[in-house]
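Colleague: give me a 3D structure for the following:
(one chain, ligands or ions: 1)
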Amino acid sequence: MANTQFLTLNNGEKMPIIGIGTWQASDEEIETAIDQALEAGYRHIDTAPVYGNEQAIGRVLKRWLDAGKVKREELFIVTKLPPIANRPHEVEPTIKKSLADLQLDYVDMYLIHTPFTVFINEDGSFKVDEEGLMIPDVSTDHAATWLEMEKLVANGLTKSIGISNFSKEQVARLLKNCKIPPATNQIEHHVYLQQRDLVDFCKSKNVVITAYAPLGSKGIAKFNAGANLVRDLPDLMDIPEVKEMAASHGKTPAQVLLRWIIETGNVAIPKSTNPDRLKQNFNVFDFKLTEEEVAKLSALDKNIRVCDFAFFHGIERHPEFTFKNQYTN
Ligand code: A2P
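Modeller: Have a look, this model is predicted:
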């Protein structure tokens, strides 16, 4: 087994605590990056149909599996039910499409990507009203969709099921209406958006937190600009406390940020398509922050949400959309 560490989920499955995030990478970039990530020891790969790269990832996985360089049971592959398909009858066909693209018989974790649902037109574009705002599909029913998610476990299409971007209230409601509790809630989580209430609640219910944007998702700037959103996003790797700790451990700011996530009991999925940086992000098992350092980082919370979904113009009209947007557009 590669040099990685695991958390045990509420169903007994083991999840590597560092995975590679894959949002916002071209097919070419991602094929190279996944190859390099597997070489570096990553076994946990986080993707989604929305990222448009499942086929590219599938090609790399097939090469590695066919060559016997990795065994299927060593991999931990996560993908998601997209917001355009967040309806009970779409669960099974949608995972089957992902499995075909990934060239796998099963995934290790299947997540409901967002608590809300949107409509698309026949050409795949989002359905919008005359003002250009997305038309929310208010029929979203988490319990009904979850029933179909549970069937995927029984049918062997995924080992575990979970949710993403769910609020505390949404997690609590789902827990009251499920047979299989979600194994993880994948949320934005970093020193500037700690969401402690949600994190503590999930932990108390044995729902592991998977931290997306653990390094502050700098790459989102390009995406926001494309959606005409003005965002002055913080650079987490430039926080003085983080830089100081990095220097004192002989590590990088990114490694300190990841260590804080690990040491507070969570899973992190940093995205990188750069060979040095992706290696760096996996090379976090040979040092430890002190209790004081962890406490210092835990005191940095500023409630700054980087991935606020404002690029889904109009999504705030959906009753299951709960993010508070701190920006003006
Ligand atoms: P790149 O892919 O060029 O490395 P997040 O995981 O929080 O979404 O952040 C990913 C962003 O941070 C990407 O823009 C990525 O760019 C960059 N990044 C990833 N790892 C590191 C690192 N170790 N140091 C600096 N920047 C990083």
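Colleague: got the residues of the stretch 151-300 of the chain near the ligand?
Modeller: 213-219, 237, 252, 254, 270-274, 277, 280-281 (CB under 6 Å from any ligand atom). For glycine as for every other residue, the C-beta is placed from the backbone atoms N, C-alpha and C.
Colleague: where does the prediction get shaky in the stretch 101-250 of the chain?
Modeller: Within the stretch 101-250 of the chain, no stretch has pLDDT under 70.
Colleague: helices along that one, start to end?
Modeller: 142-154, 168-176, 196-204, 220-226, 240-249 (DSSP state H, counting those that start in this stretch).
Colleague: may I have the second one as CSV, with CA atoms only?
Modeller: Included here for helix 168-176 are C-alpha records, laid out as CSV according to Å, rounded to 0.1, in the frame of the first residue of the first chain:
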residue,chain,number,x,y,z
LYS,A,168,-26.1,21.4,9.4
GLU,A,169,-29.9,21.5,9.1
GLN,A,170,-29.8,19.6,5.9
VAL,A,171,-27.5,16.9,7.3
ALA,A,172,-29.7,16.6,10.4
ARG,A,173,-32.8,16.3,8.3
LEU,A,174,-31.2,13.6,6.1
LEU,A,175,-30.0,11.6,9.2
LYS,A,176,-33.6,11.4,10.4
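Colleague: packing partners of that helix?
Modeller: helix 142-154, strand 158-164, helix 196-204 (3 or more CB pairs under 8 Å, 6 or more residues apart in numbering; DSSP states H and E).
Colleague: repeat that with 6 Å
Modeller: The helices and strands touching helix 168-176, judged by 3 or more CB pairs under 6 Å, 6 or more residues apart in numbering; DSSP states H and E, are helix 196-204.
Colleague: I'd like to know which elements the helix it packs on is packed against.
Modeller: When contacts are defined as 3+ CB pairs under 6 Å, 6+ apart, helix 196-204 sits against helix 168-176.
Colleague: go again with 10 Å.
Modeller: The criterion is 3 or more CB pairs under 10 Å, 6 or more residues apart in numbering; DSSP states H and E, and the helices and strands that helix 196-204 contacts are helix 168-176, strand 184-188, strand 208-212.
Colleague: and residue 91, which of the ones you listed is closest to it?
Modeller: Closest approach to residue 91 among these (CB to CB): helix 168-176, 14.5 Å.
Colleague: just the element for residue 255, please.
Modeller: Assessed by DSSP states H and E, residue 255 sits inside helix 253-263.
Colleague: chain center to that helix: distance?
Modeller: 16 Å (CA atoms, centre = their mean, to the nearest Å).
Colleague: now it: buried residues?
Modeller: The neighbour-count check on helix 253-263 (16 or more other CB atoms under 10 Å) flags 253, 254, 255, 256, 257, 258, 259, 260, 261, 262, 263 as buried.
Colleague: spell out the residue ranges of the strands in this structure.
Modeller: Secondary structure of the chain (DSSP state E): strands located at 6-8, 14-16, 20-21, 44-46, 76-81, 107-112, 158-164, 184-188, 208-212, 267-268.
Colleague: kindly export the fifth one (C-alpha atoms) in CSV.
Modeller: Included here for strand 76-81 are C-alpha records, laid out as CSV according to Å, rounded to 0.1, in the frame of the first residue of the first chain:
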residue,chain,number,x,y,z
PHE,A,76,-10.4,5.5,-3.5
ILE,A,77,-12.4,7.1,-6.3
VAL,A,78,-15.0,9.7,-5.5
THR,A,79,-17.5,11.2,-7.9
LYS,A,80,-20.8,13.0,-7.6
LEU,A,81,-24.4,13.2,-8.6
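Colleague: and the angle from it to strand 107-112?
Modeller: 30 degrees (axes from the mean of the first three to the mean of the last three CA atoms, to 10 degrees).
Colleague: which neighbouring elements make contact with strand 76-81?
Modeller: So strand 76-81, by 3+ CB pairs under 10 Å, 6+ apart, packs with strand 14-16, strand 44-46, helix 54-66, helix 91-102, strand 107-112, helix 142-154, strand 158-164, strand 184-188.
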